[in-house]
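Student: Quick check, what structure comes out for this input:
(chains A, B and C)
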Amino acid sequence: MSAISARGLTKRFGRFTAVDQITFDVAAGEVFGFLGANGAGKTTAMKMLVGLLEPTEGEGHVGGFDVRGQRDSIRRNIGYMSQRFSLYGDLTVRENIQLYATIYGLSTAQIVERSTGLLGTLGLSSHANELVGRLPLGWKQKLAFSVALVHQPKIVFLDEPTGGVDPITRRQFWEMIYAAATQGTTVFVTTHYMDEAEYCDRISIMVDGRIAALGTPGELKERFGARSVDDVFVRLARPAAIPASA
Amino acid sequence: MRTLAVLLRKEFAQILRDRFMLRQIIAMPIVQLVVLASAATFEVKTARMYLVDRDHSATSRALVDRLRASGRFVVSGASPSMEGANAAMLERRVDLIVGIPAGFERDVVQTRSGRVQLVLNAEDGAAAGVTQAYAAQIIQAYSRELGSRIASDAGNGSVGRVEVRTRGWYNPQLDYRNYMVPGILVQLITVIGSLLTAMNIVREKEIGTLEQLSVTPLPRATFVAAKLLPLWFIALVELALGLLVARFLFDVPMVGSIPLVFAAAGVYLVAALGIGLWVSTVAQTQQQAMFVTFFIIMIYLLMSGLFTPVRSMPDWAQWIAQANPMKHFIHVMRAVMLKGAGFADVAGEIALLGAFGAAVLSLAVRQHGRASG
Amino acid sequence: MNAGALRAFIVKEFRHILRDRQTLTILLLMPLVQVVLFGFALRSDVRDVRLAVVDPTPDYASTALRARFAATDRFRVVATLPTTALLEPLFRRGEADAALVFEPDFGARLGRSEPARLLLAVDASDPNTGTTVQNYARAVIAAQETEWATARGGVRIATDTRMRFNPTLESVNLFVPGLIALVLTLVSAMMTAISLSREKERGTMEVLLVSPLRPVHIIIGKVLPYLALAFANVVTALLAAWAVFQVPFRGSVALLLAASLVYSMVSLAIGVFVAARTPSQRGAMLAAMLGTLLPSTLLSGMIFPIASMPAPLQVLSSIVPARWFIVVARGIMLKGVGVPQLWQELAVLSFMTLAFMALAVRSFKPRLG
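Tutor: Numbers count the residues shown, from 1 in each chain, chains lettered A, B, ... in the order given. Okay, the predicted model is just below:
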């Protein structure tokens, strides 16, 4: 059974169709890259999967639960890192961890154990009582990611996690993602950095609300005769402008 | 329940860490009360009078003397014609023009009647009415005095006088403070209850943490409770602070039961918080939240009877005022603080507040639920 | 200075506001709703005074007096009680506003030319209404007395009273200037404060400060849309007041609009100043409220006459811009006076504008450092 599945998932806002009949599956433990230009519908699609938006048409299942009727179950079993940084800047690192850990139902003992572990891994132990707002952006992002995983969910959704971050931090981030995936966590990550696609097991590229391509990075490069996923994307996004031969 | 505890801790931490806001929350009641308590009076101390006395008789001069002797009128100018008087009034140098026509004394002696002209500067309406009343009373008293004198001169029996003693119940000195202070306190806790609530929640919307929380298994009710309870508590603390200032700085009487005041406040706050919550569902930015809440509060405030009596409003407006929780709460506050009303006297209003609060809150919670999926 | 950059910036700010449909609607609608609502609803005169009468020995005099009260459309006799003991519960439950207590043998005493005592008790928990009710009641009593006196050959001095500039003491004429000041304060000062502090919070202010735009340009760009809005509000409010309530406009409308503009600018400058000094939007809102809205309502003479305030507050009131504006507005609308009579107030307002603007610009500069 797939960790995530979508069948003809559609979202319309009035007359504007943001997501148009997308269909795909994500296997458990996969790192799935959900690519597309800004405004292509990635975030909308993700919001439908995590239960923030009601689909206009189609079906979706996350962790075996229906996105339409079983949102509460979905929420308990996933982690989410939103595009806008969403930890509390006026709370300390430790307080943020504690907050989300409690919300996800971890016991006090578990919270203590995981906080310490988390802080250690991130190298933030000495900053545990500092206000999150004071941390540099890279650390904030990494912290947000760790907090999204504090309850060890089976599936985690990351919306543009590496926005505005330096290349070293980006690298570290992806190492964290791999670490999670190795543990069996399914990672669904949206990004508009096409080079990050190379890090994913499989990717899909959204253009104007539709899935224009779906497969492993290697497959897609072959299919489109491109040298990089970036190239693939350019060909998809402006088919008329680029000649068919590579 | 642990979740609620953690969330409450978070809310309090956030509020307490905002030093600036904290300082203001403490300053607000004190500043408002201090300023208001001193500024809020309609009493006119002395009115500046311009005399246009064309009679120059003993009677006319005596009339002017009576006005002056009352201590409420001061002669700021005099001339035989109205032009000077009008110019002075246009330039706001006088509040009242007293015009005594030529032949005044003759008329009084011969026909037992006379005419005096009073022109008041009604630019500042409230004062004009009060000044006019004072002047009219003094003139009336003088006319009675004249009447007795003439009657006794002519040998008729003097007329019996009606001696009017006035007494203001609950507020013998007619101190405006006693009246305004309950109103100020109400407005204070409404601002905290509605305005801060709305802005607080919308802030999370703006920053994006609201969305983050929506994806967690956090129950909506817990989130709402965590947002509303701290402000409910803080508003009551404000009330306590305000009452202390009122009592010890201004000697505002607190005749009734203080616990009753707090109980009523607690019930009222449910409505105020509900309004704040509702606004947070329709506003996307803090700026909008502030504006919409202000709009609502302003209407409630001006129709609450704080500045103008509800019973003077046209009937349709009084009906609307019935749906104004602020009006009922102010009524309760005044009744308990100034008149010593007991629970039985205000039970009706409190029940109404409770009903209103429950209705608004449930509506708002439902709206909030719909908005955040 | 790059004129093109400034223009682009101003256009962007206008777009911001125009896109915020919700706020815009309320901003434009609010003064309208307020003027109409309050014009119809707010009355400072007192109607329907519920009177309780305590008359232990009714006779011709007390009955005549009672009848006179009942005949007015102001007073309504709601209870006739034998003793004063029963008054307290009536007052406490708010069922009566005033009481007439005749002493025993009232009429007999009058006939014997002895003073006849009458207690007028008024629920003074609202001292304003209390005083007004007292005055009304005294007037009725005095009228009755005069009638008795004239019947016996007393003297009657009639007073011709004229309320200049506002003959009917129409409440709406009085508060429209104050309402305009209030709306202007809200839009100019508070909205600006929040808008600016939002940019600060988001960090976009830094971007602006590093651009070729100088702080004074940024401020101008930020406040211009609110100035336009405030102006639109004034026009709307005045139109409503004129159309619906026939509020007089005896003076120059142009002068009134000019004065409103100046007042808006002072409020805007204060808003900017507040924003520069507060770290958060919530803080800005509270500070703006404390620093602008409260003084404007309480100390400006809008509701409570300045002449009645104690000396220290009168001094404080002189630095509240709204106080000067209300004098100007009332003068123009009700008295039809112009610059010759109002030049002092206008000068003070203009001076305040410059002073606060300088303060505002200066408080932004340190932010760079």
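Student: From here on, just use CA atoms for contacts and neighbour counts.
Tutor: OK.
Student: Just give me the neighbour total for C:Leu268.
Tutor: Residues lying near C:Leu268 (other C-alpha atoms under 10 Å in any protein chain shown) number 34.
Student: Would you agree it is in contact with C:Ala189?
Tutor: Yes - using C-alpha atoms under 8 Å, C:Leu268 makes contact with C:Ala189 at a distance of 4.8 Å.
Student: Show me the shaky parts of the chain.
Tutor: Just so you know, I chose chain A. Scanning chain A for pLDDT under 70 picks out A:239-246.
Student: wait, I meant chain C there
Tutor: Within chain C, the stretches with pLDDT under 70 are C:1-2, C:43-45, C:127-128, C:152-154, C:167-172, C:365-369.
Student: Could you identify the longest helix within it?
Tutor: The helix that spans the most residues within chain C, counting by DSSP state H, is helix C:215-245.
Student: cool, and chain B?
Tutor: Per DSSP H, chain B has its longest helix at helix B:220-250.
Student: Nearest to chain B within chain A, name that residue for me.
Tutor: Residue nearest to chain B within chain A (C-alpha to the nearest C-alpha): A:Ser86, separated by 4.7 Å.
Student: Tell me the secondary structure at that residue.
Tutor: coil (DSSP: H, G, I helix; E, B strand; the rest coil).
Student: Can you report phi and psi for it?
Tutor: phi -130, psi 40 (degrees, to the nearest 10).
Student: so it touches B:Glu206, yeah?
Tutor: No - the criterion here is C-alpha under 8 Å, and A:Ser86 misses it with B:Glu206 at 10.3 Å.
Student: ok, B:Thr308 to B:Tyr179 distance?
Tutor: 12 Å (C-alpha to C-alpha, to the nearest Å).
Student: likewise C:Ala70?
Tutor: From C:Ala70 over to B:Tyr179 the distance is 28 Å, taken as C-alpha to C-alpha.
Student: With C:Val133 instead?
Tutor: Distance from C:Val133 to B:Tyr179, by C-alpha to C-alpha: 16 Å.
Student: between C:Ala70 and B:Tyr179, which one's more packed in?
Tutor: Just comparing C:Ala70 and B:Tyr179: by other C-alpha under 10 Å the higher neighbour count belongs to B:Tyr179, 26 against 15.
Student: Surely that one touches C:Asp123?
Tutor: No - under the criterion of C-alpha under 8 Å, B:Tyr179 is not in contact with C:Asp123, lying 11.4 Å apart.
Student: just the strands in the chain please.
Tutor: No chain was given, so I picked chain A. Counting by DSSP state E, chain A has these strands, from start to end: A:4-13, A:16-26, A:31-36, A:57-62, A:65-66, A:78-81, A:155-159, A:186-191, A:202-207, A:210-215.
Student: look at chain C instead
Tutor: C:49-54, C:75-81, C:98-102, C:116-123, C:156-164.
Student: C:Arg330 is in contact with B:Asn121, correct?
Tutor: No - at 11.6 Å, B:Asn121 and C:Arg330 do not qualify as touching, with contact defined as C-alpha under 8 Å.
Student: could you list every residue that touches the residue of the stretch 101-250 of chain B found nearest chain A?
Tutor: Taking C-alpha to the nearest C-alpha as the measure, the stretch 101-250 of chain B has B:Thr209 as its residue closest to chain A, at 4.7 Å. For B:Thr209, the contact set (C-alpha atoms under 8 Å, 6 or more residues apart in numbering or on different chains) comprises A:85-88.
Student: One more pass at 7 Å, please.
Tutor: Listed by C-alpha atoms under 7 Å, 6 or more residues apart in numbering or on different chains, the contact set of B:Thr209 reads A:86-87.
Student: How about A:Gly51?
Tutor: A:67, A:71 are the contacts of A:Gly51 under C-alpha under 7 Å, 6+ apart.
Student: hey, what's the residue nearest the centre of chain A bridged with?
Tutor: When C-alpha atoms, centre = their mean is applied to chain A, the residue found nearest the centroid is A:Leu158 (2.2 Å). For A:Leu158, the residues forming beta bridges with it (DSSP bridges) are A:Met81, A:Val189.
Student: gap between the two ends of stretch B:39-50?
Tutor: End-to-end distance of stretch B:39-50 (C-alpha to C-alpha): 27 Å.
Student: What is the longest helix of chain B packed up against?
Tutor: Here helix B:220-250 touches helix B:2-17, helix B:19-39, helix B:176-190, going by 3 or more C-alpha pairs under 7 Å, 6 or more residues apart in numbering or on different chains; DSSP states H and E.
Student: rerun at 8 Å
Tutor: Under the contact criterion of 3 or more C-alpha pairs under 8 Å, 6 or more residues apart in numbering or on different chains; DSSP states H and E, helix B:220-250 touches helix B:2-17, helix B:19-39, helix B:176-190, helix B:197-207, helix B:258-282, helix B:343-371.
Student: okay, those helices in JSON lines with distance to chain C and mean pLDDT next?
Tutor: Converted to JSON lines, the helices and strands packed on helix B:220-250 look like this (distance: least, C-alpha to the nearest C-alpha, whole Å; pLDDT from 0 to 100):
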{"stretch": "helix B:2-17", "distance to chain C": "11", "mean pLDDT": "90"}
{"stretch": "helix B:19-39", "distance to chain C": "5", "mean pLDDT": "79"}
{"stretch": "helix B:176-190", "distance to chain C": "6", "mean pLDDT": "81"}
{"stretch": "helix B:197-207", "distance to chain C": "7", "mean pLDDT": "89"}
{"stretch": "helix B:258-282", "distance to chain C": "9", "mean pLDDT": "93"}
{"stretch": "helix B:343-371", "distance to chain C": "6", "mean pLDDT": "87"}
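Student: Is it possible to get TSV of the ones you listed that adds distance to C:Gln341?
Tutor: Output for those, formatted as TSV (distance: least, C-alpha to C-alpha, whole Å):
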stretch	distance to C:Gln341
helix B:2-17	50
helix B:19-39	27
helix B:176-190	33
helix B:197-207	44
helix B:258-282	45
helix B:343-371	50
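Student: what about those helices, which gets the closest to B:Met49?
Tutor: helix B:19-39 (23.8 Å; C-alpha to C-alpha).
Student: got the angle between that closest one and helix B:176-190?
Tutor: Taking axes from the mean of the first three to the mean of the last three C-alpha atoms, to 10 degrees, one finds helix B:19-39 and helix B:176-190 inclined to each other by 160 degrees.
Student: and helix B:19-39, which residues are buried?
Tutor: Buried residues in helix B:19-39, counting neighbours by 16 or more other C-alpha atoms under 10 Å in any protein chain shown, are found at B:20-21, B:24-25, B:28-30, B:32-39.
Student: Surely B:Pro80 is in a strand?
Tutor: No - counting by three-state DSSP, B:Pro80 is located in no strand; its state is coil.
Student: Now do the same for it: its pLDDT.
Tutor: Looking at B:Pro80, its pLDDT reads 86.
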